[in-house]
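S.K.: take this sequence and fold it.
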Amino acid sequence: MIESFWGRMQTELLNRKRWKTRIELANAMFEYLEIFHNRRRRHSALGILTPIEFENVHFTRQPVA
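M.R.: Numbers count the residues shown, from 1 in each chain. Model (predicted):
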């Protein structure tokens with residue numbers, strides 16, 4: 001699983017530009033992980049929903065009385 005994640009991150013982030021400093025690269029990696037990958041990427045464990053879609057479905061359901 002980590003191999004496919006690493007490959008995808010290299011394709012989507014690392015190989016797209018040259019980074020001037022390690023700090024610039026670290027900031028871009030943090031943003032990719034926290035903003036794009038964790039929030040927008042579809043997850044099979046969530047029924048192929050993004051985490052935000054899953055939360056919307058979960059929190060908009062009416063409780064069964």
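
S.K.: in the chain, which spans are helices?
M.R.: Ranges of helices in the chain, per DSSP state H, are 2-12, 22-31, 38-40, 51-60.

S.K.: now the angle between helix 2-12 and the second one, please.
M.R.: Relative orientation of helix 22-31 and helix 2-12, computed by axes from the mean of the first three to the mean of the last three CA atoms, to 10 degrees: 120 degrees.

S.K.: buried ones in helix 22-31?
M.R.: If you call a residue buried by 16 or more other CB atoms under 10 Å, then helix 22-31 has no buried ones at all. In this view, the C-beta of every residue, glycine as well, is placed from N, C-alpha and C.

S.K.: with the last one instead?
M.R.: With burial defined by 16+ other CB under 10 Å, the residues of helix 51-60 counted as buried are F54.

S.K.: mean confidence for that helix?
M.R.: Mean per-residue pLDDT for helix 51-60: 81.

S.K.: with just CA atoms, put stretch 47-65 into CSV.
M.R.: Only the C-alpha atoms of stretch 47-65 are listed here, as CSV (Å, rounded to 0.1, in the frame of the first residue of the first chain):
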residue,chain,number,x,y,z
GLY,A,47,-17.2,2.9,0.1
ILE,A,48,-15.2,4.7,-2.6
LEU,A,49,-16.1,8.1,-1.0
THR,A,50,-13.8,10.9,-0.1
PRO,A,51,-13.6,11.5,3.6
ILE,A,52,-15.6,14.7,3.3
GLU,A,53,-18.3,12.9,1.3
PHE,A,54,-18.4,10.1,3.9
GLU,A,55,-18.8,12.6,6.7
ASN,A,56,-21.6,14.4,4.9
VAL,A,57,-23.5,11.1,4.4
HIS,A,58,-22.8,10.0,8.0
PHE,A,59,-23.8,13.3,9.7
THR,A,60,-26.9,14.0,7.5
ARG,A,61,-28.6,10.7,8.3
GLN,A,62,-31.5,10.9,10.6
PRO,A,63,-31.3,8.7,13.7
VAL,A,64,-33.6,5.7,13.8
ALA,A,65,-36.1,6.1,16.6
